[in-house]
Each structure stands twice: as C-alpha cells, then as structure tokens.
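K.L.:
Turn this into a model:
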Amino acid sequence: MGVTPVFEADKLSKSYLKGKRIIYALKDACMKIISGEFACITGRSGSGKSTFLNVAGLLDMPSSGTMRFSGMEACFRSSDDAASFRREHIGFVFQKMFLQEHLTAIENVMLPLRYSNRFDEDGRRHACGLLDQLGISDRADFFPSELSGGESQRVAIARALINRPSLILADEPTSELDSESASSVMSIFKEIAKKHSASVIAVTHDLSLLPFCDTVFRIDDGILSLA
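P.N.:
Reported below is the predicted structural model:
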C-alpha cells in the first residue's frame, strides 16, 4: 500500500490573458511530496516559482488542474473555506518575514492562534516550546528590532509551525541572510520536516543550499520538472 502524499499537484496551470495572448505563469505542473520530505524549487526570477507557491498555498486559485492535501482534493466553495483550510493545514515563511514590530517574538509566534480559538495558556506553552526547539527561547520577550536577521527568521518559522501544519511553504526564506544564517535556516527546515512529520517546499535561488534538500525541482517559463 503506497504512502499518501501530504501534497499532490496534478497538471496545475495558472494563466493570464494579455491582450489576445494567453500567458502561462505555470503550466501543467505535477508534484508529490510525502510526510517528512524537504523539497526545494529553483529557477530564475519570473520563472513561476512564487506563482506555484501561491497556488499550492491557496493564496491564488489555479486556472486548471487539481491539488490534494493528504489525499483530499482541494475543492472549496468560497475564499473563506480556502482561508480556513489554509490556517489549519499550511504554514508560510516569507522572504520579508513580516513580523509585527510592536509585538515581542513570542507574541508574533502566537499571532495565528488568534484566528483559531487557541490563544490561551496552552498556546503560549506551545509557542515557548517552538522557540526553545529553534534555539531562541532567550529571545521570547525581545522585539523584532532587537533580533538579528537569523533570529527573526527563526521567529517566522516558529509562527508558521504554531498551528501544527502538515505543509510548510517558504518563499526565498534565506535571501536576506548571511551564508551562515542561511545554512542554519535550511538545516532547521530539514529537521522540522522529520521531527514534525511535515512536508516543506521552499523556493531558493541559492544553489549552494540545495544539498540540504531531499528533492530538488526546477521551474523554467512556468514548467516544473525534477532537477
């Protein structure tokens, strides 16, 4: 009996009409990612990497094709349904981190819990545990302006994990970090995939970081393939 993929894309396409031309940002993309797998997507700027993540993360709907999450086809009646599923099952780590400057590190980590009725003492203990796992428990009460780039990215990773998602999507998560911090973050993603039984899909332009990944994909002009 085969393992059910955490995420499966089948012929995903995203197209736009430009004048009388159809422009494909993504064309017939196929991917299967299992629990504990850390996959990376490479490709030049504008090749379709972020488009794929936005579609996989339900931030944008595909023009055609299907997606399955743990065997369940993504078929939502409304944007609210998609948003509810996204909050419960998908964690995001962005290039800019988007930490709230007026909140401490632990308050930033707990922020998603406000939307899932788990903003309580148990939620705080879980957030503390994540910061501890990521080696920055001593920074829990620091504000973003008091954190280094690597520390801020770890806070962003903890925030992505707070709802215990099965799929984590990271869009250029190391582009603003020095090489040492970038390697550390990639190691964290690999460890997270194994320890939390989650799947991680990260976009990166830095080819030196690919050895951290279990699977590497490349995307060119919207066409996804194994590298």
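
K.L.:
how about stretch 132-146 as CSV, C-alpha atoms only?
P.N.:
Provided in CSV are the C-alpha atoms of stretch 132-146 (Å, rounded to 0.1, in the frame of the first residue of the first chain):
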residue,chain,number,x,y,z
ASP,A,132,13.2,26.6,22.5
GLN,A,133,13.4,24.0,19.7
LEU,A,134,14.7,26.7,17.4
GLY,A,135,17.3,27.8,19.9
ILE,A,136,15.9,31.3,20.7
SER,A,137,13.9,30.8,23.9
ASP,A,138,16.0,33.5,25.5
ARG,A,139,14.7,36.0,22.8
ALA,A,140,11.0,35.4,23.6
ASP,A,141,10.4,38.9,25.0
PHE,A,142,12.6,40.7,22.5
PHE,A,143,11.0,42.9,19.8
PRO,A,144,11.9,42.4,16.1
SER,A,145,14.2,45.4,16.1
GLU,A,146,16.2,43.7,18.8
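
K.L.:
Can you list the buried residues in that stretch?
P.N.:
Residues Gln133, Leu134, Ile136, Arg139, Ala140, Phe142, Phe143, Pro144 are the ones in stretch 132-146 that count as buried (16 or more other Cβ atoms under 10 Å). Bear in mind the C-beta positions are built from the backbone N, C-alpha and C, glycine included.

K.L.:
repeat for stretch 19-32
P.N.:
Across stretch 19-32, burial judged by 16+ other Cβ under 10 Å covers Tyr24, Ala25, Leu26, Lys27, Ala29, Met31, Lys32.

K.L.:
Report the distance from that stretch to the chain centre.
P.N.:
21 Å (Cα atoms, centre = their mean, to the nearest Å).

K.L.:
What lies in contact with that stretch?
P.N.:
Stretch 19-32 is contacted from outside by 5, 7-17, 39, 48, 51-52, 55, 62, 65, 217, 219, 221-224, using Cβ atoms under 8 Å, 6 or more residues apart in numbering.

K.L.:
now stretch 103-114
P.N.:
So stretch 103-114 is in contact with 87, 99-100, 119-120, 123-124, 127-128, 130-131, 136, 139-144, 147, 151, 155-156, 158-159, 162-163, going by Cβ under 8 Å, 6+ apart.
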